[in-house]
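Trainee: Fold the stuff below for me.
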Amino acid sequence: MPANSQDPTQQILVSHAGSLPRTPELIEANAAREFEEDGLTLKRTEEFDRLLSGAVNDLVARQKALGVTVPGDGEFGKAMSQGVDYGAWWSYIFQRVEGLEVTGEDIFTQPNVESSPGNVQLTSFPNRRDWVKFHEAYNDPTTGIGTGSTATPFPATVGELKYKGQDQIASDVKNFRAALDAAGLETGFITSLSPGSGARIADRHYGDEEAHIYAWADVLREEYKAVIDAGLILQIDDPSIAENWDQITPEPSVEDYRKFTQIRIDALNYALRDLPEEQIRFHLCWGSWHGPHTTDIEFKHIVDLMLQINAKYYSFEAANVRHEHEYTVWDDVKLPEGKVIVPGIVSHATNVVEHPELVAQRIVRFAERVGKENIIASTDCGLGGRIHPQIADAKLETLGKGAAIATEQLWK
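Mentor: Residues are numbered from 1 along each chain as shown. Just a heads-up that it's a prediction; the model follows:
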């Protein structure tokens, strides 16, 4: 990943996981948008597009000022949830794909699928095991762990899937490229959904789980190519690799879950075929909501699956208290030659701003295990919609300061 400042081989680069808090003006403008007749696609206006372009430009400049050396567009161009934006990483794609229809049924319901690899199936979203186990907490408005509502209804696949988001991804690329140029930065990343995450909606057309996932792979490949052809970094967002575990009831065996997951890994690699690995990074997480997460699968059970993905960079949660201890996974797992890890060093799951010395300590832990040249310091997951914008900026700033401390320690 090219550096945007000093030699990347002589410093710890700084990035984040994708979503960043939007301005109040952008949130208000998103909320005011109307749907097209399909009930999925939000209308765009010249006024909104001008506001969006300016917001991305300001965001990139602010990231640079805070010490982020590999910035993103904050997912600002993706359709957001009402009032918050943590749902944009996934629901945005429904506006960019033909063959979908709002049916009013629950997502993840797959009655047309009689079996799947590993003989396991996803259950309905509200019945995930962590939510059932902590039902009272999730339904108590004072806890702050609710997941909110979405701006776009969840559809089902009712026909052949085709990509129709050419104008939208072109707009994302144009806005981000202009912002990078204005800030004097060489490169940055744009996120896109994985086939496995896209295929979590109900299938009423293909009637076969594998065919449905691979149809999503064909669709999303077009978006992947648009980002890469623009000379940008493509980040594949795929919490489903880890998060699906909690959505299977009863809890499967690890072996069966790995079989279930392998088809999703293979479909993603199919979508990424022949695309340059040096422009691809993969983001894995256990879901970004502020819940207990006691039913998360352990990283050690899926890290080798993650490393099968044809990417150079691997982003994963490593700072929140449920997964911070798992840095020791790299005592036993050898990072393949030429690969780079992008661990979460500050967390979206707490309003407490990590001290720069703690940030440096966390970075050094990984450096001792995979090599200092093979780390980019990042956030656990997207900050947008999860913490206040002022706190998000403080976390990015402390991440930059901590990376500078770690750089001094590791290259002294």
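Trainee: show me the residues around the residue nearest to the spatial centre of the chain that make contact.
Mentor: Taking CA atoms, centre = their mean, the centroid of the chain lies closest to residue 237, which sits 3.6 Å from it. Residue 237 makes contact with 18, 89-90, 191-194, 197, 283, according to CB atoms under 8 Å, 6 or more residues apart in numbering. Every residue, glycine included, has its C-beta placed from N, CA and C.
Trainee: per-residue confidence at it?
Mentor: Looking at residue 237, its pLDDT stands at 97.
Trainee: quick one: the helices in the stretch 51-200 of the chain?
Mentor: 88-91, 129-133, 135-138, 166-183, 195-198 (DSSP state H, counting those that start in this stretch).
Trainee: how about the ones you listed in JSON lines, adding distance to residue 319 and mean pLDDT?
Mentor: Putting the helices of the stretch 51-200 of the chain into JSON lines (distance: least, CB to CB, whole Å; pLDDT from 0 to 100) gives the following:
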{"stretch": "helix 88-91", "distance to residue 319": "19", "mean pLDDT": "83"}
{"stretch": "helix 129-133", "distance to residue 319": "19", "mean pLDDT": "86"}
{"stretch": "helix 135-138", "distance to residue 319": "22", "mean pLDDT": "84"}
{"stretch": "helix 166-183", "distance to residue 319": "26", "mean pLDDT": "97"}
{"stretch": "helix 195-198", "distance to residue 319": "22", "mean pLDDT": "95"}
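Trainee: As a check, name the ranges of all strands in the stretch 251-400 of the chain.
Mentor: 280-284, 313-316, 340-346, 376-379 (DSSP state E, counting those that start in this stretch).
Trainee: Of the ones you listed, flag the one that's most buried.
Mentor: Scoring those by mean neighbour count under mean count of other CB atoms under 10 Å gives strand 376-379 as the most buried, with a mean of 28.
Trainee: related to what we said a few turns ago, could I get the contacts of residue 237 in TSV, plus columns for distance to residue 316?
Mentor: Shown next, in TSV, are the contacts of residue 237 (distance: CB to CB, whole Å):
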residue	distance to residue 316
18	13
89	15
90	18
191	15
192	17
193	17
194	14
197	15
283	7
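Trainee: quick check, nearest of these to residue 309?
Mentor: residue 194 (9.1 Å; CB to CB).
Trainee: Just give me the neighbour total for that closest one.
Mentor: Using other CB atoms under 10 Å, residue 194 is surrounded by 28 other residues.
Trainee: what residues are up against the closest residue to it other than its chain neighbours?
Mentor: Among residues not flanking residue 194 along the chain, residue 238 sits closest, at 3.5 Å (CB to CB, 6 or more residues apart in numbering). By CB under 8 Å, 6+ apart, the contact set of residue 238 is 193-194, 196-197, 264, 268, 282-284.
Trainee: and residue 355, which of the helices of the stretch 51-200 of the chain is closest to it?
Mentor: Short answer: helix 166-183, nearest of the helices of the stretch 51-200 of the chain by CB to CB, at 27.7 Å.
Trainee: buried sites along the closest one?
Mentor: With burial defined by 16 or more other CB atoms under 10 Å, the residues of helix 166-183 counted as buried are 168-169, 171-173, 175-177, 179-180, 183.
Trainee: These into CSV, with extra columns for distance to residue 302?
Mentor: CSV is the format used below for these (distance: CB to CB, whole Å):
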residue, distance to residue 302
168, 31
169, 29
171, 34
172, 29
173, 31
175, 34
176, 30
177, 34
179, 34
180, 33
183, 36
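Trainee: What is the nearest of those to residue 230?
Mentor: Nearest member of these to residue 230, counting by CB to CB, is residue 173, at 4.5 Å.
Trainee: isn't that closest one right next to residue 233, touching?
Mentor: No: here residue 173 does not reach residue 233: they are 11.8 Å apart, not a contact under CB atoms under 8 Å.
Trainee: so what's in contact with those two at the same time?
Mentor: Joint contacts of residue 173 and residue 233 (CB under 8 Å, 6+ apart) are 190, 227.
Trainee: for this structure, what are the low-confidence residue spans?
Mentor: For the chain, applying pLDDT under 70 flags the ranges 1-8, 39, 80-87, 104-120, 123-126, 143-144, 146-153.
Trainee: wait, which of the helices of the stretch 51-200 of the chain is closest to residue 60?
Mentor: Nearest of the helices of the stretch 51-200 of the chain to residue 60, taken as CB to CB: helix 166-183 at 3.8 Å.
Trainee: How about residues contacting that closest one?
Mentor: Contacts of helix 166-183 with the rest of the structure, by CB under 8 Å, 6+ apart, involve 49, 52-53, 56-57, 59-61, 64, 71, 73, 76-78, 95-96, 186-188, 190, 222-223, 226-227, 230, 232.
Trainee: where does stretch 28-47 sit relative to the chain's centre, distance-wise?
Mentor: 23 Å (CA atoms, centre = their mean, to the nearest Å).
Trainee: what ranges do the helices span in the stretch 251-400 of the chain?
Mentor: 254-271, 303-307, 329-332, 356-370, 389-410.
Trainee: Those: which one's closest to residue 382?
Mentor: helix 389-410 (9.6 Å).
Trainee: Identify the residues contacting that closest one?
Mentor: The contact list for helix 389-410 (CB under 8 Å, 6+ apart) reads 10-14, 16, 20-21, 23, 62-63, 66-68, 345-346, 351, 353-360, 362-364, 367, 372, 377-379, 383-384, 387.
Trainee: 6 Å instead?
Mentor: 11-12, 14, 21, 66-68, 346, 351, 353-354, 356, 359-360, 363-364, 367, 372, 377, 383 (CB atoms under 6 Å, 6 or more residues apart in numbering).
Trainee: Also stretch 280-290?
Mentor: With CB under 6 Å, 6+ apart as the test, stretch 280-290 has contacts from 17, 86, 144-145, 147, 234-237, 239, 241-243, 293, 296, 306, 309, 311, 313-317, 348-349, 381.
Trainee: switch the cut-off to 7 Å
Mentor: Here stretch 280-290 makes contact (CB atoms under 7 Å, 6 or more residues apart in numbering) with 17-18, 86, 144-145, 147, 189, 233-239, 241-243, 272, 293, 296, 306, 309-317, 342, 348-349, 380-382, 386.
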